[in-house]
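Participant: pasting the structure only:
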Ligand SMILES: NC(=O)C1=CN([C@@H]2O[C@H](COP(=O)(O)OP(=O)(O)OC[C@H]3O[C@@H](n4cnc5c(N)ncnc54)[C@H](OP(=O)(O)O)[C@@H]3O)[C@@H](O)[C@H]2O)C=CC1
Ligand SMILES: O=C(O)C(=O)Cc1ccc(O)cc1
């Protein structure tokens, strides 16, 4: 029988067995933090063909026992978490779900919950409880202070308290959602945000040049764009494919983003500064609540350009004028983002309080930085219409946005993988540096303004 108050300081024989199926990036991160906190009956597995290498990797690690497959883990574990590709969750739960220990609690780590819910309901025996999870951050970010979504789906309260007791050692911010609300919230937080960064990467790769090596200023907010883009392409393609393709709300949003980029680009081509300005300012009012003629007030969640410049890829930025002042830029990716949020009636600040990922926090920060300042926004609009220096970049951006949107609309995992890997291979040499710099940047931003609360 599950006791709701378990603790890693309990004697070994009283500790529950924690099972982890799928020992990729997220499974390994969970194993590391759970074992570090003192849980010492952790049973893990990956695919059977990885049994020997996994045993070798965890030789001598306190509290972790490697098993050949998910049957062995499921039979003995009081709590089981599946950390596998969303595309495969149905197949994996079909295989191991029936072996789940009587009365155990099962969770999934998948970023999109509709397929997970269906698989759990279909294949888990009725005497098994479901309390699912989702860490709203990547595997290289510390879970401390980050949102950990908890979904009490088919379980009494004592099972929920049991799961909370296990994960209190992450010092997370627990966020309680239903399966359905989870997919709505994560579509709002992640889908369009990822679409924007994936598009930037594809557009830059299409130019066959790194933004920081084109004699272009890559300080300030450009630093955030580049670092986050690189972090996303350094992650696994299937994470982004799964949450975009398998979440029905995500599809609509990604399509809206690409049509926002296209509409704004057409206004740029037509030289219609007035229409562009009207549209951008209307979106600004809807998303940031700033009326025309008003200044935007202080940024709520961002660092100064000077601080951001410490995290510049390829060394400290130097502008062509030597003043360290960024060149103007149409910032089409950001104009389209705020236009898209406005059209979808997404209130990004509401999500910030609820279940924002570090990437989303930074993206809102960048958008705020541009939109709160009339001077900066007007400069972007002026550049968009009157300065053709970045026209070809903007054209590549629109093509890439439409390409990603079509790929998601077709629901084609293979095409998504090919698009993702083609762009990732262009930036691969910089992933290590980007992971270090991006990690430090996320930490500095989180520490600077209590964004982790
Ligand atoms: N990475 C991230 O930033 C985040 C990811 N998530 C979610 O967590 C889940 C895992 O992601 P992540 O860890 O990054 O992905 P990984 O690809 O690193 O890990 C998934 C692991 O599951 C293994 N696996 C597949 N089938 C089985 C099986 N039948 N039995 C045992 N293991 C199996 C995979 O093996 P193989 O590679 O051979 O297929 C792989 O090792 C995904 O659903 C993702 O959406 C959630 C939050 C953040
Ligand atoms: O912060 C982001 O958006 C990331 O890119 C990392 C990430 C990816 C998938 C998730 O389900 C949660 C976090």
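Facilitator: Thanks, I have the structure now. What you see is a predicted model; the values in this text were computed from it and never measured. Ligands and ions are numbered 1, 2, ... in the order given.

Participant: Low-confidence bits of the protein, can you list those?
Facilitator: Within the chain, the stretches falling below the threshold (pLDDT under 70) are 1-2, 214-219, 298-327, 448-453.

Participant: And the nearest residue to residue 72 once chain neighbours are set aside, how far from residue 19?
Facilitator: Excluding the flanking residues, the one nearest residue 72 by Cβ to Cβ, 6 or more residues apart in numbering is residue 45, at 6.6 Å. The C-beta positions use only the backbone N, C-alpha and C, and glycine is treated the same way. Taking Cβ to Cβ, to the nearest Å as the criterion, residue 45 is separated from residue 19 by 8 Å.

Participant: re the thing from before, report the beta-bridge partners for the residue nearest to residue 72.
Facilitator: residue 21 (DSSP bridges).

Participant: Any residues of the stretch 1-150 of the chain in contact with ligand 1? List them.
Facilitator: For the stretch 1-150 of the chain, the residues found near ligand 1 under the criterion Cβ under 6 Å from any ligand atom are 21-27, 45-47, 70, 83-86, 88, 92, 109-111, 135, 138-139.

Participant: How is this structure divided into domains?
Facilitator: For the chain, the TED database gives the domain ranges 12-177, 181-452.

Participant: Rebuild those domains as JSON lines, extending it with distance to ligand 2 and mean neighbour count.
Facilitator: Converted to JSON lines, the domains of the chain look like this (distance: least, Cβ to the nearest ligand atom, whole Å; neighbours: other Cβ atoms under 10 Å):
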{"stretch": "domain 12-177", "distance to ligand 2": "3", "mean neighbour count": "19"}
{"stretch": "domain 181-452", "distance to ligand 2": "3", "mean neighbour count": "19"}
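
Participant: Reformat these into a markdown table and put distance to residue 4 next to each item.
Facilitator: Formatted as a markdown table, the entries for those read as follows, by distance: least, Cβ to Cβ, whole Å:
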| stretch | distance to residue 4 |
| --- | --- |
| domain 12-177 | 4 |
| domain 181-452 | 23 |
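
Participant: can you pull the contacts of the residue lying closest to residue 47 once chain neighbours are set aside?
Facilitator: Take residue 47 and drop its neighbours on the chain: the residue closest to it by Cβ to Cβ, 6+ apart is residue 69, 7.8 Å away. Going by Cβ atoms under 8 Å, 6 or more residues apart in numbering, residue 69 touches 45, 47, 48, 51, 96.

Participant: Name the nearest of those residues relative to ligand 1.
Facilitator: residue 47 (4.8 Å; Cβ to the nearest ligand atom).

Participant: Give the other helices and strands that whichever strand or helix holds residue 253 contacts.
Facilitator: In this assignment (DSSP states H and E), residue 253 forms part of helix 248-270. Identification of packing neighbours for helix 248-270 by 3 or more Cβ pairs under 8 Å, 6 or more residues apart in numbering; DSSP states H and E yields helix 179-186, helix 192-206, helix 237-245, helix 273-288, helix 332-343, helix 374-386, helix 391-410.
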